[in-house]
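# Okay, predicted coordinates and the sequence, questions at the end:
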4 protein chains.
Amino acid sequence: MSEPVSGAAREAADWWATGIVRMAPGVVELRGIPVQELIGSVDFVSMIWLMVRGELPEARRASLLEAALVASVDHGPQAPSIAIARMTATCGVGLNNAMASGVNALGDSHGGAGQQCVEALTDIVALEDDGTDLAAAAERVAGRYRYVPGFGHRFHPVDPRRDPLLALVDRAVAEGVVAGRHLRAARALETFLNGAKAKPVPMNIDGATAVIYAELGFAPALARGLFVLSRSVGILAHAWEETTAGKRNKGPVPRSILPTYREDTAAR
Amino acid sequence: MSEPVSGAAREAADWWATGIVRMAPGVVELRGIPVQELIGSVDFVSMIWLMVRGELPEARRASLLEAALVASVDHGPQAPSIAIARMTATCGVGLNNAMASGVNALGDSHGGAGQQCVEALTDIVALEDDGTDLAAAAERVAGRYRYVPGFGHRFHPVDPRRDPLLALVDRAVAEGVVAGRHLRAARALETFLNGAKAKPVPMNIDGATAVIYAELGFAPALARGLFVLSRSVGILAHAWEETTAGKRNKGPVPRSILPTYREDTAAR
Amino acid sequence: MSEPVSGAAREAADWWATGIVRMAPGVVELRGIPVQELIGSVDFVSMIWLMVRGELPEARRASLLEAALVASVDHGPQAPSIAIARMTATCGVGLNNAMASGVNALGDSHGGAGQQCVEALTDIVALEDDGTDLAAAAERVAGRYRYVPGFGHRFHPVDPRRDPLLALVDRAVAEGVVAGRHLRAARALETFLNGAKAKPVPMNIDGATAVIYAELGFAPALARGLFVLSRSVGILAHAWEETTAGKRNKGPVPRSILPTYREDTAAR
Amino acid sequence: MSEPVSGAAREAADWWATGIVRMAPGVVELRGIPVQELIGSVDFVSMIWLMVRGELPEARRASLLEAALVASVDHGPQAPSIAIARMTATCGVGLNNAMASGVNALGDSHGGAGQQCVEALTDIVALEDDGTDLAAAAERVAGRYRYVPGFGHRFHPVDPRRDPLLALVDRAVAEGVVAGRHLRAARALETFLNGAKAKPVPMNIDGATAVIYAELGFAPALARGLFVLSRSVGILAHAWEETTAGKRNKGPVPRSILPTYREDTAAR
């Protein structure tokens, strides 16, 4: 690393080149900042921002991100990711393996709604930029989905995490911390959905956090990445609780309720 | 690859050197055999043996391995690995991701009993080689465990897979295909356990397949590896059945039986 | 399971009902067949078929599947899945965890070409059924892709696994084992691509195995599932070879070729 | 959930009972606190503490944990977990799947040193409690290991993260925030190792964070769990950087340095 290498060796080194970290004996620089300057000075959420975005955030912007991360940590063992982590933790593997299997389940249907909602909000803002009226833009984007990502909930009539998150965004808009266009786009979607559907379809946690991620300028795919960081906290807590309970090879239901065989299940 | 490289490039190439496969443009050799000579000539089980062991097996030895692989494919959705794969399959990820999470749960308690049993059988044979009487060797090795791996079952009074597997090993011993020492060791364990415990502790699927893997000379850790190949078949079948059922974000129990909160659960 | 349960308990049991396996104390039935009738009687490939499809295959059809499974086991540590499994095996986790991480990488770009090719072949056959000429159908379907899945190779001028696989399908068509329509569709695609591109774009392993899976009537998604079963063999062999080599925390390149830091890498 | 259920249904609900979260329509309580009281009020690190430990931490204790989490986020793509996440990200899977495979590699050798070091420090403190002299206790515990976990580094002569972390612990001890006994144990280990070995074996990042986790009263296994939360940040940053680079199926070395075949590799 200190002396120049050439040809194939250079190619191999370039293959793994990165803008995130610089390593040398005695040196760890993260996004250009020596790690020793970060330890004790920078909070964890700003560190997440630095690593993912390449620069440290303004404090009030970091606070918005923090609220989104706090809000999403857990939604109970009914969520597949949590149940999976708990079951894996009983199978004689490391805590990291149990967490990995939980994270692996945060796919398009389970951890992807935030990402899809950021995309929807971004599209509404882009339509507005092209001269479309906000309500019309919301309607047009909503029309693409059977279920608009970030809205409605199978369990909560009103998601208790929605209002406190939106209140924080409202304040951030009032203080000029964020522009508020994605928040307005989300509210326009909500208004449209409430008018179009038989019963209200309020914004849920994925919608409210998507507003924050979008207002803060995160790429849509990062909405999923940030959700993974947040939900990993719940996954760890549950995997650890299960570990301390001491069960072995925990199945999905007690043995007294064994699964039944279904004669009529066809497959090909 | 064709012309010699030197220094760091050579080091990088050596870093990934392998005795399993040789690649060149137009060439794939597996364990020294051109792949085109294997396709259509070699059965899948012999291919597994070749890849893992480095040589093709004698046909009757391959048949024993085949029986073990067939016997272990599935034991129902009560097994965490199967339930996990099914749940993951409903979360909007690829079929390979669902299979990976299932395989990831085949840890020490779920997929490791075969490996531990091969170790126990190997130790008994080694004690015999050192002059210990077989029954005494079995008792001494059994004494190391609270539950001897490969024996007893939480669900089956007698595991229906035990007898057909052992009958095949008996025949293989009679025909001189395998030596039979690990089979005798396993039976000595079973005899000891049946005498020592209040109710019989018959050999289970992990014990019976461990006998086969040990007789065929597989290293203990490969007992787990081979079990993974076998159970992956069940994992695929279940993940696919769940996929075709079309559920989204399947939790461990129906929503009508939501988990209850337990006030008294302590953690630290 | 033996006595009827009602209400919520029934619902919980139904939640995990399956057509694949029936369990009772002393009983394991796979697709309706007691496991003891399968052990020693059915080969592993037919067992895969039974589990995934629900019925045992005709022997010559099973042989075709077997050839596809044999052909795909390994393509060297340059493939991410293999390198990942080897690296994970050095990190102090179980062999099953190393295999899981390898399988987890068999995504749309790495393990998905077979699935996509089955879809393309199925579409060509469907167009033919609607009266489109075969060559025109191939051209139309090819037009959807920048790179047609299952054709061309970054490394092999001609994939050495192509010809032996296609020869087996040709024979199966001649013997009436399969209909041959997907084989013809694949050849029509190849003919079109060879005419349309500056250099030949021959069918590769994904294309040749897709022909087999499609001829045998597997759903497209199962092409990926079956590939996972096959490549898991190579993943196991490599993870095990790496394990026996005894390295700890193996990085992607030797420490002498440490990755370099790239100043100009931007991210957001 | 609202009305009492009995028998099997109750058993199924109990199966998934948890002390971490309470869910009801419109209600999410985390460790007994309504989620809406946490959003905007509690920082992310305190949230981690609450979820894992069951209570909110005192602010200066949370700061110590925060420093440990900040310090461990990344150590470059030479680390298997990072390289694996980057490679997986090029294979056509979700960002969560790439992160999962990285986390899955944080096993005993890669992510387990902190856990092992917490155990060693705890044992030294226990020996002291039993009347053993600190230096003798350190020597006795060190004697159990070939390489004492948390000490020495293959790359850094002095780990740049050590001093700033220990300085924070020193201050916390001076202020009575933590007791300092595990810090003293770690320094006694370091002193012993520096005397016993030909060259200094200074505490590394795993040792310094283990001191923090132990001083704060986390169970040893949680040292790994917390490390996973921290390193997941680096894993996300790298997986995302790789995603934006647009490579497909990235192998461990460039194709110009293809792995070489080694004739002499034996396996069994």
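Great, that's in hand. All values reported here derive from a predicted model rather than from experimental measurement.
# So which helix or strand of chain A has the lowest pLDDT on average?
helix A:8-15 (a mean of 83; mean pLDDT, DSSP states H and E).
# Does that helix reach chain D?
Yes - Helix A:8-15 is in contact with chain D by C-beta under 8 Å from any C-beta of the partner chain, via A:A8, A:E11, A:A12, A:D14, A:W15. Bear in mind the C-beta positions are built from the backbone N, C-alpha and C, glycine included.
# Also within reach of chain C: list those from the residues you listed.
Filtering the residues of helix A:8-15 next to chain D for neighbours of chain C using C-beta under 8 Å from any C-beta leaves A:A12, A:D14, A:W15.
# Could you write me a ChimeraX select line covering just the buried ones among the residues you listed?
Only the buried entries of these go into this ChimeraX selection, using 16 or more other C-beta atoms under 10 Å in any protein chain shown:
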select /A:12,15
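# Next, format the ones next to chain C among the residues of helix A:8-15 next to chain D as CSV and append distance to A:L95.
Putting those into CSV (distance: C-beta to C-beta, whole Å) gives the following:
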residue, distance to A:L95
A:A12, 34
A:D14, 36
A:W15, 32
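# Pick out whichever of the ones next to chain C among the residues of helix A:8-15 next to chain D sits closest to chain C.
For these, the minimum distance to chain C (C-beta to the nearest C-beta) is 4.9 Å, reached by A:A12.
# For stretch A:168-180, what is the distance to the chain centroid?
When distances are taken as C-alpha atoms, centre = their mean, to the nearest Å, stretch A:168-180 is centred 21 Å away from the chain's centroid.
# What residues of it count as buried?
A:L168, A:V169, A:A172, A:V173, A:V177, A:V178, A:G180.
# If I look at the last one, what pLDDT would I see?
Same thing as A:G180. As predicted, A:G180 sits at a pLDDT of 98.
# What's the separation between it and chain C?
20 Å (C-beta to the nearest C-beta, to the nearest Å).
# so what's the residue nearest to that residue when sequence neighbours are not counted up against?
Spatially, and ignoring its direct neighbours in sequence, A:G180 is nearest to A:V173 (3.6 Å; C-beta to C-beta, 6 or more residues apart in numbering or on different chains). Residues in contact with A:V173 (C-beta atoms under 8 Å, 6 or more residues apart in numbering or on different chains) are A:A179, A:G180, A:L183.
# how about a cut-off of 10 Å?
A:A179, A:G180, A:R181, A:L183, A:R184, A:E215 (C-beta atoms under 10 Å, 6 or more residues apart in numbering or on different chains).
# try A:A113
Contacts of A:A113 by C-beta under 10 Å, 6+ apart are A:147-151, A:204-207, A:209-210, A:223-224, A:227, B:92.
# Among these, pick out the one closest to B:R31, please.
Taking C-beta to C-beta as the measure, B:R31 sits nearest to B:G92 out of these, at 38.7 Å.
# I'd assumed the closest one was in a strand, is it?
No - in this structure, B:G92 is coil, not part of a strand, as judged by DSSP: H, G, I helix; E, B strand; the rest coil.
# can you give me phi and psi for the nearest residue to it once chain neighbours are set aside?
Once flanking residues are discounted, B:G92 sits nearest to A:D108: 3.0 Å by C-beta to C-beta, 6+ apart. Backbone torsions of A:D108, given as degrees, to the nearest 10, read phi -50, psi -40.
# returning to that earlier point: closest one of the buried residues of stretch A:168-180 to chain D?
Among the buried residues of stretch A:168-180, A:L168 lies closest to chain D (C-beta to the nearest C-beta), at 5.2 Å.
# would that closest one count as being in a helix?
Yes - assessed with three-state DSSP, A:L168 lies in a helix.
# A:D123: which element?
Using DSSP states H and E, A:D123 maps to helix A:113-129.
# for A:M47, same thing?
helix A:44-53.
# by contact count, what packs against that helix?
Applying 3 or more C-beta pairs under 10 Å, 6 or more residues apart in numbering or on different chains; DSSP states H and E, we find helix A:44-53 packed against strand A:27-30, helix A:35-38, helix A:59-71, helix A:220-245, helix D:44-53, helix D:59-71, helix D:220-245.
# just for chain A, where's the confidence low?
Low-confidence segments of chain A (pLDDT under 70): A:1-6, A:261-268.
# and if we set it to 90?
A:1-14, A:23-25, A:152-158, A:195-201, A:254-268 (pLDDT under 90).
# circling back to that earlier point, for the residue nearest to B:G92, what are its contacts?
The contact partners of A:D108, by C-beta under 10 Å, 6+ apart, come to A:Q115, A:Q116, A:P149, A:R224, B:C91, B:G92, B:V93, B:R248, D:G94, D:N96.
# List buried residues within the residues you listed.
Among the contacts of A:D108, those buried by neighbour count (16+ other C-beta under 10 Å) are A:Q115, A:Q116, A:P149, A:R224, B:C91, B:G92, B:V93, D:G94, D:N96.
# For the most centrally placed residue in chain A, give me its contacts.
The centroid of chain A falls nearest to A:F227 when counting by C-alpha atoms, centre = their mean (1.9 Å). Taking C-beta under 10 Å, 6+ apart, we find A:F227 in contact with A:68-69, A:72, A:106, A:110-115, A:205-206, A:209-210, A:213, D:95-96.
# Same check on A:L121?
A:138, A:141, A:149-150, A:181-186, A:188-189, A:207, A:210-211, A:213-215, A:220.
# cool, and A:P77?
By C-beta under 10 Å, 6+ apart, the neighbours of A:P77 are A:83-87, A:234, A:238, A:241-242, B:251-253, B:258-259, D:15-18, D:20-21, D:23.
# Equivalent analysis for A:D133, please.
By C-beta under 10 Å, 6+ apart, the contact set of A:D133 is A:L127, A:E139, A:A188.
# again with A:G143
Applying C-beta under 10 Å, 6+ apart, the residues near A:G143 are A:F192, A:A196.
# Now do it against A:E29, distance only.
48 Å (C-beta to C-beta, to the nearest Å).
# I'd say A:S41 and D:A71 touch.
No - counting by C-beta atoms under 10 Å, A:S41 sits too far from D:A71 to count as a contact (11.3 Å).
# Show me the common contact partners of the two, please.
Shared contacts of A:S41 and D:A71 (C-beta under 10 Å, 6+ apart): A:M47, D:P164.
# what about these two, which has more around it?
D:A71 (27 against 14; other C-beta atoms under 10 Å in any protein chain shown).
# which ones are touching the more buried one?
Applying C-beta under 10 Å, 6+ apart to D:A71 gives the contacts A:28, A:35-36, A:38-40, A:47, D:159-162, D:164-165, D:168, D:205, D:208-209, D:212, D:230.
# what do you get for A:K197?
The contact partners of A:K197, taken as C-beta under 10 Å, 6+ apart, are A:V148, A:F151, A:G152.
# again, only using 6 Å
By C-beta atoms under 6 Å, 6 or more residues apart in numbering or on different chains, the contact set of A:K197 is empty.
# any idea how far it is from chain C?
28 Å.
# do A:L168 as well
Distance, A:L168 to chain C, by C-beta to the nearest C-beta: 23 Å.
# That residue reaches A:A68, doesn't it?
No - A:L168 lies out of contact with A:A68 (C-beta atoms under 6 Å); the separation is 9.0 Å.
# re the thing from before, and the buried ones among the contacts of A:D108, which two are furthest apart?
Longest span within the buried ones among the contacts of A:D108, C-beta to C-beta: A:P149 and B:V93, 16.5 Å.
# from the stretch 1-150 of chain A, which residue is nearest to chain C?
In the stretch 1-150 of chain A, the residue that lies nearest chain C is A:G19 (2.7 Å; C-beta to the nearest C-beta).
# burial of that residue, as a residue count?
A:G19 has 17 nearby residues by other C-beta under 10 Å.
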